[in-house]
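Student: 3D, please:
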Amino acid sequence: MAYNEKAILKDVNKKPVPQYWNPETQQFEVIESKDGMLRVIMVDSQGREIQTQNLVDQIAAKLDELIQVVSE
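Tutor: Purely as a prediction, here's the structure:
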């Protein structure tokens, strides 16, 4: 059965809970958090964790370069 043929999960007040579709079990499953915060770990095509701070630093450096070019 496909995800669009199943009802999403709801809490005791009938409100949707954070969830994802698990294609292996063919079920929606609750996403649990740590200390009340949802977290995401990005991985590359090899399954290695992507360090988001590195991405932020690279973007910031490029923005600084662009600001210099525009300011000249």
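Student: pairing partners for Trp21 in the sheet, please.
Tutor: Taking DSSP bridges as the rule, Trp21 bridges to Phe28.
Student: residue numbering should commence at 487 henceforth.
Tutor: Sure, I'll start counting at 487 from here, so that last one is Trp507.
Student: if I look at it, how far off is Arg525?
Tutor: Plainly put, Trp507 is 19 Å away from Arg525 if you go by CB to CB, to the nearest Å. The way it works is simple: take the backbone N, C-alpha and C, and place the C-beta from them, glycine included.
Student: compare the two (neighbour count), which wins?
Tutor: Using other CB atoms under 10 Å, the more surrounded residue of Trp507 and Arg525 is Trp507, with 14 against 8.
Student: quick check: Asp507 touching Phe514?
Tutor: Actually, residue 507 is Trp rather than Asp. Yes. Judged on CB atoms under 8 Å, Trp507 makes contact with Phe514 at a distance of 5.8 Å.
Student: shared neighbours of these two, anything?
Tutor: Among the neighbours of Trp507, those also in contact with Phe514 (CB atoms under 8 Å, 6 or more residues apart in numbering) are Tyr489.
Student: can you give the domain ranges for the protein?
Tutor: Domain segmentation of the chain under automatic domain parsing yields 487-520, 526-558.
Student: quick one: mean pLDDT for the shortest one?
Tutor: Summarised as a single mean, pLDDT over domain 526-558 is 91.
Student: can you tell me the SS state at Asp550?
Tutor: Put simply, Asp550 is helix when judged by DSSP: H, G, I helix; E, B strand; the rest coil.
Student: could you report the neighbour count for it?
Tutor: The burial count for Asp550: 10, using other CB under 10 Å.
Student: likewise Tyr506?
Tutor: Around Tyr506 there are 11 other residues, counting by other CB under 10 Å.
Student: pretty sure it sits against Gln513.
Tutor: No. If you go by CB under 8 Å, Tyr506 and Gln513 don't touch, sitting 9.9 Å apart.
Student: check the gap between the residue most central in space within the chain and Val503 for me.
Tutor: What sits nearest the mean C-alpha location of the chain, by CA atoms, centre = their mean, is Val526, with 4.7 Å. Val526 is 17 Å from Val503, where distance means CB to CB.
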